[in-house]
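Q: Task: produce atomic coordinates for the following.
(chains A and B)
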Amino acid sequence: MKLPSQTLVGVGTLATGALFAAGALTIKSEAGYSGVGPNFLPWVVGIALLACGAFLVYEARSGGYREMEAPSGADVGHWRGFAWVSAGILANAALITTVGFILSCALCFVLAVRGFKSAEDRLDLSPRAWLTDAAIGFAIAAPVYWMFTQLLAINLPGLTSTGWL
Amino acid sequence: MEILNQLLHGFATAGTPINLLWCLLGCTIGTAVGVLPGIGPATAVAMLLPITLKVDPTASMIFFAGIYYGAMYGGSTTSILLNTPGESGSMVTAMEGNKMAKAGRAGAALATSAIGSFVAGTIATVLVTFCAPIVAQYAIKLGPPEYFMLMVLAFCTVSAVLGKSTLRGLTALFIGLAMGLVGIDQISGQARYTAGVPELLDGLEVVLIAVGLFAVSEALYNVLYEGKTVETENPMSKVHMTKEEWKRSWPAWLRATAIGFPFGTIPAGGSEIPTFLSYATEKKLSKHPEEFGTKGAIEGVAGPEAANNAAITATLIPLLTLGIPTSNTTAILLGAFQNYGIQPGPQLFDKNSGLVWALIASLYIGNVMLLILNLPLVGMWVKLLKIPKSYLYAGILIFATVGVYGMRQSAFDLVLLYAIGLIGVVMRRFDFPTAPVVVGMILGPLAEAQMRNALSIGEGKWGVFVERPGSLSLLIVVVAVLVLPRLMKVVRARRA
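A: Prediction:
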């Protein structure tokens, strides 16, 4: 792994630390008997993250993270497949309340399968493949939906209010 | 006698047809997620947490325990048959198990690991039955300072001692603690880090973090980096052990149980250390050292598998008696208890004794079920390995949606889920451990409350942590855990 990306992770940690430390400023400190109030741990966490971030940046700039195991898999990410899967998850988030759990999840399934297939260099965009995968996605999502809504009475959004779709 | 009586009551509760069904369902799902790569017990329990909204606590805890247990049995099947290490606890099993499978002895390896898991799991459950109430009796005497120190000990071991890099472990821990801070402060009732978003007042949902960090990040990591990774499968053979193999397995199972159990009970979690220790012990004691690493020695499978199960079972002691989780899965189990408003700890054995004993009884029953599910039916599970990766991970995403959406009915959570998944990918790529995040997030708010209560007792003076003998000795243990391994490293480096 190249060093700039490691530095970036360290900077990200620093930023998170700064965010939490800044947030700690706004928390009131009514300490009561204990001498430490609700703002104590936020300060500890903020400062600790700043320290960790600083050390991570230092390690990244001086030869890379210590005792690091080489990550598994390819050196370069397959971003096209990643985009498909991301689209699937985000489409699901956007549509679930309007088209219902089953259809939205089936769509997420189809898009995600496109992504994994493209990562394996087996991307198939023929209508037949879309249909097969959509059917499989439906066949997984529907029983799950019925189990939760009918058997466990847990609320999942549907396209209709019948509890079946 | 008291204990046996309560255990019998437990069996009566766990033995009702509906609870037996939950146990069987849990064991089945557990074995399946153990076998399937890309999804483990922590993810599975997290995804199914919404059932805590409707199902009664006893049934759902029995169900979750079944998943937790079943995944350990199933994990060994995958690590023996596939040439990719799955679960960290079964990595050691894979070393010898793979060699045996390549030499055409997959069946014997599967048999010794299933029966070994059963033997170790059952012995460990007996030990839990008798030790847990005793620990609870002592634990009831602990005050907030001691509790806080115990939690600090858990934080230290899970982040600084177990992983490879202390820095990355601590970073992960503080990220987890930071996540735990979001929401309403338990003591003062003040909102922290909610940025005015009403959804955040209740805090971040455990399901969201766990499913994002394990399931979604696994899927995203896989599509990004593992698309070209080809998995090869070893040939199956008849599940059977010869007399000679039985003779070699027995002592390994028993030794491994003795090694694994104590490791599970201390707040040092993880089954990596005991499995490695057991492997090393077996290698040293074996009459056939030449088989290790060549054609595969059966002791090298029997020992680590048994050690793994004994340690996993023993982690229930700190969870139930102290309320301290020491692994990803136990942290999520703690979250499940909290969903019912039950706080595991010494009072659990008084207040919810019916639940606890039914849970313990279900472990005995679950072990028998798992032995049956995994020995004669192993062929069925092996078929799961044939599911194409694309369908497997896309399917996992559907289950992730159920878990997260079912918990809070919020589409906003699904976007957060994706964001957490991205963080998980970065963590995996840069070798940050995930257990400290989950443990920190769930245990953090509890530890904060204990700390502030302790300081109230000490009237605001930090001396309260060193004045009480209990918390002082725990503090010494914490320091020792942090300093000793480093000291030994320095000493060893000087000698060499």
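Q: can you map out the helices along the stretch 1-150 of chain B?
A: Using DSSP state H, counting those that start in this stretch, the helices of the stretch 1-150 of chain B run over residues B:2-14, B:17-35, B:41-47, B:57-81, B:91-102, B:106-139, B:144-156.
Q: ok, now chain A?
A: Residue ranges of the helices in chain A, as given by DSSP state H, are A:3-25, A:40-61, A:79-99, A:101-119, A:127-146.
Q: Name the stretch among the ones you listed that sits most buried.
A: The highest average neighbour count among those, using mean count of other Cβ atoms under 10 Å in any protein chain shown, belongs to helix A:101-119 at a mean of 26. From N, CA and C alone the C-beta is placed, and that goes for glycine too.
Q: and that helix with helix A:79-99, angle?
A: 170 degrees (axes from the mean of the first three to the mean of the last three Cα atoms, to 10 degrees).
Q: What average pLDDT does helix A:101-119 get?
A: Mean pLDDT, helix A:101-119: 94.
Q: anything in that helix near chain B?
A: Yes: legend: contact between helix A:101-119 and chain B by Cβ under 8 Å from any Cβ of the partner chain is shown at A:101, A:105, A:108-110, A:112-113, A:115-119.
Q: distance between stretch B:199-209 and the chain's centre?
A: Centroid separation between stretch B:199-209 and its chain, computed with Cα atoms, centre = their mean, to the nearest Å, is 21 Å.
Q: Which of the helices or strands spans the residue positioned nearest the centre of chain B?
A: Residue closest to the average C-alpha location in chain B (Cα atoms, centre = their mean): B:Thr329, at 3.9 Å. Using DSSP states H and E, B:Thr329 maps to helix B:328-339.
Q: neighbouring contacts of that helix?
A: Helix B:328-339 is contacted by residues B:40-42, B:45-46, B:49, B:52-53, B:57, B:60-61, B:64-65, B:68, B:206-207, B:210, B:214, B:269, B:315-316, B:318-319, B:323, B:325, B:343-344, B:434-435, B:438-439, B:441-443 when judged by Cβ atoms under 8 Å, 6 or more residues apart in numbering or on different chains.
Q: what's next to the next helix or strand after it, contact-wise?
A: Elements were assigned by DSSP H and E; along the chain past helix B:328-339, the next helix or strand is helix B:348-351. Helix B:348-351 is contacted from outside by B:132-133, B:136, B:320-321, B:323, B:342, B:355-356, using Cβ under 8 Å, 6+ apart.
Q: Need the max-distance pair from those.
A: B:Pro133 and B:Ile342 (17.4 Å; Cβ to Cβ).
Q: Give me the distance from stretch B:359-372 to the chain's centre.
A: 17 Å.
Q: So for it, what gets flagged as buried?
A: By 16 or more other Cβ atoms under 10 Å in any protein chain shown, the buried positions in stretch B:359-372 come out as B:359-367, B:369-371.
Q: residues in contact with residue 153?
A: Defaulting to chain A. B:Lys54.
Q: right idea, wrong chain: chain B
A: With Cβ under 8 Å, 6+ apart, B:Leu153 has these contacts: B:267, B:474, B:477-478, B:481.
Q: Mind picking the one among the residues you listed that's closest to A:Leu156?
A: When those are compared against A:Leu156 (criterion: Cβ to Cβ), the nearest one is B:Pro267, at 37.5 Å.
Q: quick revisit: from A:Thr16, how far off is the residue nearest to the centre of chain B?
A: 26 Å (Cβ to Cβ, to the nearest Å).
Q: Is the worst-scoring helix or strand of chain B on mean pLDDT positioned near chain A?
A: Sorted by mean pLDDT, DSSP states H and E, the helices and strands of chain B end with helix B:91-102, the least confident at a mean of 83. No: Helix B:91-102 lies out of reach of chain A by Cβ under 8 Å from any Cβ, never closer than 12.3 Å.
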